[in-house]
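Enquirer: Fold the following.
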Amino acid sequence: MPGGASEWEEIDEVLGALNRDIKLRPADAWAIRSRGQVLGNMGCYNEALADLNRAIELAPDDPLVLCARGEIYQLMNRYGEALEDLDRAIDLYPAYSWAIARRGETYMEMERYAKALADLDHAIELAPEGDAWATGFRGETYRRMGRLGEALADFNRAIELDPTGAWAIASRGQAYLTLKRYDQALADLNRAIELDPAEAWAIDLNRAIELDPGRRRGHRQPRPGLPAAGPRGGSPGRLRARH
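Expert: Numbering: from 1, shown residues only. Next up, the predicted model:
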């Protein structure tokens, strides 16, 4: 979801331009897909899905459109439908690293960790200059598997590639929290909140640490009811238009 007022204003401008384009060219699959992605960024998943369904009617073999709808299905927790679209997109474009990474994320949410790691490894191999998104999700997969050393290595690399990626910084903070490295956890959570005030799960973890004096004595245990991971279990709640 967008954060500050300036970001909402920018989104309104983009949405207005796309609405005008679609009014002039109602069969423009690119414009309809783009509007669907913007609506997805706003959290308007049903409206986004309507646009992406229409875009697929117009361009049924376009891997970008299929991937975009797969992302929306994933955000709606409709994982089976997400995999169908992402599989089809990858069949049409086998080197489509973004779709491969999103499929890996979907497998991660389904707790199918071996498949998640296979896809995320492949996506990273396809990006020789580095892929912060895929690397961060591989780190999150490792974190959920309890492989915290590998998780931290991937979070560090993701942050190196994208120093303003709030979700990766917050996820690293969560790994530090599991390791009872509370000062480092707080530093990361504070930084994530500074970068993206909409990271509500990071705020919750931050407050829990700050309010628990036991952490300073090294005896803090995770509080009941704290989120086990980030948004939808650790994933950034925002789509990225990387197509």
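
Enquirer: and Ser34, what pLDDT?
Expert: Predicted confidence (pLDDT) for Ser34: 94.

Enquirer: make that Gly233, sorry
Expert: Per-residue pLDDT puts Gly233 at 37.

Enquirer: Arg217 too?
Expert: 46.

Enquirer: Now Phe137: closest residue in space, sequence neighbours ignored.
Expert: With Cβ to Cβ, 6 or more residues apart in numbering as the criterion, Phe137 has its nearest non-adjacent residue at 5.1 Å, and that residue is Glu105. Every C-beta, even on glycine, is put in place using the N, C-alpha and C of the backbone.

Enquirer: Any regions of the chain where pLDDT drops low?
Expert: Low-confidence segments of the chain, defined by pLDDT under 70: 1-8, 199-203, 207, 210-243.

Enquirer: And the helices in it?
Expert: Taking DSSP state H to define them, one finds helices in the chain at 5-24, 29-41, 45-58, 63-75, 79-92, 97-109, 113-125, 132-144, 148-161, 166-178, 182-195, 200-210.

Enquirer: Next, format the ones you listed as CSV and append mean neighbour count.
Expert: Listed next are those as CSV, based on neighbours: other Cβ atoms under 10 Å:
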stretch, mean neighbour count
helix 5-24, 13
helix 29-41, 23
helix 45-58, 19
helix 63-75, 25
helix 79-92, 19
helix 97-109, 26
helix 113-125, 19
helix 132-144, 26
helix 148-161, 19
helix 166-178, 25
helix 182-195, 19
helix 200-210, 19
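
Enquirer: so Asp162 touches Ala132, yeah?
Expert: Yes - here Asp162 reaches Ala132: they are 3.8 Å apart, a contact under Cβ atoms under 8 Å.

Enquirer: which residues do those two both contact?
Expert: Ala168 (Cβ atoms under 8 Å, 6 or more residues apart in numbering).

Enquirer: Asp154: what's it in contact with?
Expert: When the contact criterion is Cβ under 8 Å, 6+ apart, the partners of Asp154 are 135-136, 138-139, 142.

Enquirer: For these, please prepare CSV with the additional fields distance to Arg172.
Expert: Formatted as CSV, the contacts of Asp154 follow (distance: Cβ to Cβ, whole Å):
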residue, distance to Arg172
Thr135, 12
Gly136, 9
Arg138, 13
Gly139, 8
Tyr142, 12
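
Enquirer: just these now: which is nearest Ala208?
Expert: If you rank the contacts of Asp154 by distance to Ala208 using Cβ to Cβ, Gly139 comes first, at 21.7 Å.

Enquirer: Relative to Ala153, how far out is that closest one?
Expert: Distance check for Gly139 against Ala153: by Cβ to Cβ, to the nearest Å, it reads 7 Å.

Enquirer: Sounds good, over and out.
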